[in-house]
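> A structural model of the following input is requested.
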Amino acid sequence: MLNIWGRISSINVRKVVWCAQELGLDFQRTEAGGKFGVVQTPEYRALNPNAMVPTIDDGEGAERVTLWESNVIVRYLCARYSHGTLYPSELPARFDAERWMDWQQTTLNRASRDAFVQWVRTPPSERQPALIAASVRESEALFAMLDAHLAQRPYMAGERFTMADIPIGCEAHRWFGLPGAEYRRPAWPNVERWYADLLSRPGTRGVLDLSLE
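Numbers count the residues shown, from 1 in each chain. This is a model prediction of the structure:
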């Protein structure tokens, strides 16, 4: 049994839950982080000294693996359970997928975070317009780049769905879910086509069909 700790409102927990569902794994998820607490307990910090979510515990005995860091967890689950489908066996394809997964964490997430936090989790009276404007400007440039990339291929790493699509799909879910009254996003037809394809996958249910709250 795969054990996952983390609240589903977290983008990083959503990656892991979607991945587990995509792979058809049996898992148990324990609410943790935010209003649920748990992460500061000694028991949890023994698993993840960062006191953040998600964390997983998988397997038994010598095969037991405990991990934190969402994209690493996605890589691990795909490597262990996808039999080479989501975790490419060929090195060029694998590291193309790895590159885009790192880009999500280091570039796209960094750029988009302020707009999300300000519009979704900050009371209107406390919002900082300058932070929102900078975040929108940087994020729109990155989504335009993503749109150009997806004009040449159906999925992030080529002709088939791989682990690379999961983190960036969760990022797109968050950006596309920004409040309509606050933000009118540009048209990105290739991103929209790709994202609609992701939404049709059974593994995204209970993840990409949720609100941002």
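> Break down the protein into its helices, ranges please.
For the chain, applying DSSP state H gives helices covering 11-22, 42-47, 70-81, 91-103, 109-121, 129-150, 165-176, 189-199.
> what's in contact with the first one?
The contact list for helix 11-22 (Cβ atoms under 8 Å, 6 or more residues apart in numbering) reads 2, 4, 6-8, 27, 29, 33, 53-54, 56, 70-71, 73-74, 77-78, 86, 109, 163, 166-167, 169-171, 173-174, 201-208, 210. (Each C-beta comes from the backbone N, C-alpha and C, glycine too.)
> can you do 7 Å?
2, 4, 6-8, 27, 29, 53-54, 56, 70, 73-74, 77-78, 166-167, 170, 174, 201, 203-204, 207 (Cβ atoms under 7 Å, 6 or more residues apart in numbering).
> Just the buried ones from the residues you listed?
For those, a burial check counting by 16 or more other Cβ atoms under 10 Å picks out 2, 4, 6-7, 27, 29, 53-54, 56, 70, 73-74, 77-78, 166-167, 170, 174, 201, 203-204, 207.
> quick one: average pLDDT of stretch 69-78?
Average pLDDT, stretch 69-78: 98.
> mind listing what Pro179 touches?
So Pro179 contacts Trp119 (Cβ under 7 Å, 6+ apart).
> any idea of the pLDDT on it?
Note on Pro179: pLDDT of 88.
> ok, now the one 10 residues further on?
As summarised for this prediction, Pro189 has a pLDDT of 98.
> Over to Arg160?
With respect to pLDDT, Arg160 scores 96.
> Measure how buried it is and give me the count.
13 (other Cβ atoms under 10 Å).
> same deal with Val13?
25.
> Same question for the one 3 residues further on.
By the other Cβ under 10 Å criterion, the neighbourhood of Val16 contains 30 residues.
> got it, and the one 5 residues further on?
Each residue near Gln21 was counted by other Cβ under 10 Å, and the total is 17.
> next one: Gln152
Neighbourhood size, Gln152 [other Cβ under 10 Å]: 8.
> So Ala97 sits against Arg160, correct?
No: if you go by Cβ atoms under 7 Å, Ala97 and Arg160 don't touch, sitting 10.6 Å apart.
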